[in-house]
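Peer 1: structure, please.
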Amino acid sequence: MKTALIFGINGQDGYYLKLLLEEKGYQVVGISRSEGNWHVGDIKDFGLVNGLIQQYQPTEVYHLAANSTTRHDVLFENHETISTGTLNILEAVYRNSQDTRVFISGSAMQFENKGNRIHEETPFEASSPYSIARIQSVYAARYYRSKGLKVYCGYFFNHESPLRTPRHVSRMIVDAVKRIADGSKEKIELGDILVQKEWNFAGDFARAIYTLVNQEEVFEAVIGSGRAYSIEDWLKVCFGKVGLKWQDHVLLKKGFVPEYNLLVSDPSKLFSLGYKPAYSFEQLAALMMES
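Peer 2: All right, here's what the predicted structure looks like:
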């Protein structure tokens with residue numbers, strides 16, 4: 001039986017990847033700092049990581065652990081979880097299980113964004129502590145790849161699911177729309193609703209990760225759909241599902257400056273491997289509204 005270790009099992013990516021791998025017959029071993037039905041431990045602990053890889057000799061290891069925020073005040077947490085976590089996994093695999101394939105998650109936020117489609121050749125930009133940690137992880141992956149390991153990097157563009165927490169604008173809007181439909185008089189306060197990004201389904205990304213790791217031609221790929229929608233589009237589709245106009249229930253913050261105006265991928269390389277997203281923007285909204 002194939003075995004997969006998933007670091008960061010408690011997030012939406014870990015959840016959907018676990019489901020996919022179990023459907024394919026894998027034994028899945030999850031690791032997270034939070035309490036749950038998995039190994040409780042911290043990826044920054046080399047002894048823990050090394051011991052698990054030595055014990056299980058996994059077919060694949062997936063590094064999905066991260067605090068996905070660009071805030072400066074989580075500088076050290078991002079470094080320990082993303083950068084040190086990557087080194088711990090790669091060195092443990094190098095020492096104990098060199099046939100293991102390793103997936104390192106990356107982010108659209110580690111690239112220079114000039115409003116064009118972002119692809120694998122787009123230059124990196126160290127614009128935040130989060131992007132610094134992601135960039136360091138890629139160079140670590142390239143180093144260990146030069147030493148013979150099969151290490152894959154997937155650069156995630158925005159993706160959603162019913163498992164999103166309310167701190168994400170997608171889920172915050174969905175929850176508020178449901179309350180308003182039930183009679184709440186609240187207003188949703190938002191910044192620049194013309195900002196455009198991708199709205200992908202996390203379950204689709206699990207298939208994308210699996211597709212990337214199970215081939216040997218491409219080792220780094222952006223993971224996205226290449227389709228961008230605005231926050232206003234999300235408001236329209238969510239309020240539309242309950243028969244309301246979003247304009248009657250939204251307040252816009254004056255002087256709000258977004259991190260970017262457009263964040264969209266060129267997923268041609270990933271698509272060339274046979275992957276295509278199954279969920280449309282409207283289907284994702286329906287899934288989250290109905291959950």
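
Peer 1: buried ones in stretch 65-77?
Peer 2: Neighbour-count burial for stretch 65-77, counted by 16 or more other CB atoms under 10 Å, picks out 65-66, 68, 74, 77. Heads up, the C-betas are built off the backbone N, CA and C, glycines and all.

Peer 1: can you redo the residues you listed as TSV with secondary structure and distance to residue 224?
Peer 2: Putting those into TSV (DSSP: H, G, I helix; E, B strand; the rest coil; distance: CB to CB, whole Å) gives the following:
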residue	secondary structure	distance to residue 224
65	coil	21
66	coil	17
68	coil	15
74	helix	24
77	helix	26
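
Peer 1: which of those residues scores worst on pLDDT?
Peer 2: Within the buried residues of stretch 65-77, residue 68 has the lowest pLDDT, namely 75.

Peer 1: against residue 30, how distant is it?
Peer 2: 18 Å (CB to CB, to the nearest Å).

Peer 1: how is this protein divided into domains?
Peer 2: What automatic domain parsing lists as the domains of the chain is 3-159+200-223, 162-197+228-262+279-290.

Peer 1: nearest to residue 270, out of these?
Peer 2: domain 3-159+200-223 (4.5 Å; CB to CB).

Peer 1: mind checking the end-to-end distance for the closest one?
Peer 2: Counting by CA to CA, to the nearest Å, you get 24 Å between the two ends of domain 3-159+200-223.

Peer 1: over to stretch 65-81?
Peer 2: One end of stretch 65-81 to the other measures 7 Å (CA to CA).

Peer 1: can you name the element that comes right after the helix or strand of the chain with the lowest mean pLDDT?
Peer 2: The helix or strand of the chain with the lowest confidence, counting by mean pLDDT, DSSP states H and E, is helix 75-78 at a mean of 87. As assigned by DSSP states H and E, the chain's next helix or strand after helix 75-78 is helix 85-96.

Peer 1: run through who's touching that next one.
Peer 2: For helix 85-96, contacts defined as CB atoms under 8 Å, 6 or more residues apart in numbering pick out 7, 43-46, 49-50, 52-54, 57, 61, 63, 65, 100, 102, 104, 136-137, 140-141, 144, 147, 149, 151.

Peer 1: also stretch 228-242?
Peer 2: Residues from elsewhere that reach stretch 228-242, judged by CB under 8 Å, 6+ apart: 169-170, 173-174, 177-178, 180-181, 188, 190, 192-199, 245-246, 249-250, 262-264, 281-282, 285-286, 289.

Peer 1: please identify the buried residues of that stretch?
Peer 2: Buried residues in stretch 228-242, counted by 16+ other CB under 10 Å: 228-239, 241.

Peer 1: per-residue confidence averaged over that stretch?
Peer 2: Mean predicted confidence for stretch 228-242 is 98.

Peer 1: CA atoms of that stretch as CSV?
Peer 2: Output in CSV follows, covering the C-alpha atoms of stretch 228-242 (Å, rounded to 0.1, in the frame of the first residue of the first chain):
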residue,chain,number,x,y,z
ALA,A,228,-10.3,36.1,-12.6
TYR,A,229,-13.4,37.5,-11.0
SER,A,230,-13.9,40.5,-8.8
ILE,A,231,-15.2,40.7,-5.2
GLU,A,232,-18.2,42.5,-6.7
ASP,A,233,-18.8,39.4,-8.9
TRP,A,234,-18.8,37.2,-5.8
LEU,A,235,-21.3,39.6,-4.1
LYS,A,236,-23.6,39.5,-7.2
VAL,A,237,-23.7,35.7,-7.4
CYS,A,238,-24.1,35.1,-3.6
PHE,A,239,-26.8,37.7,-3.1
GLY,A,240,-28.4,36.6,-6.4
LYS,A,241,-28.9,33.1,-4.9
VAL,A,242,-31.2,34.6,-2.2
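
Peer 1: remind me which helix or strand the nearest residue to residue 220 once chain neighbours are set aside belongs to.
Peer 2: Once flanking residues are discounted, residue 220 sits nearest to residue 153: 4.5 Å by CB to CB, 6 or more residues apart in numbering. Taking DSSP H and E as the definition, one finds residue 153 inside strand 150-156.
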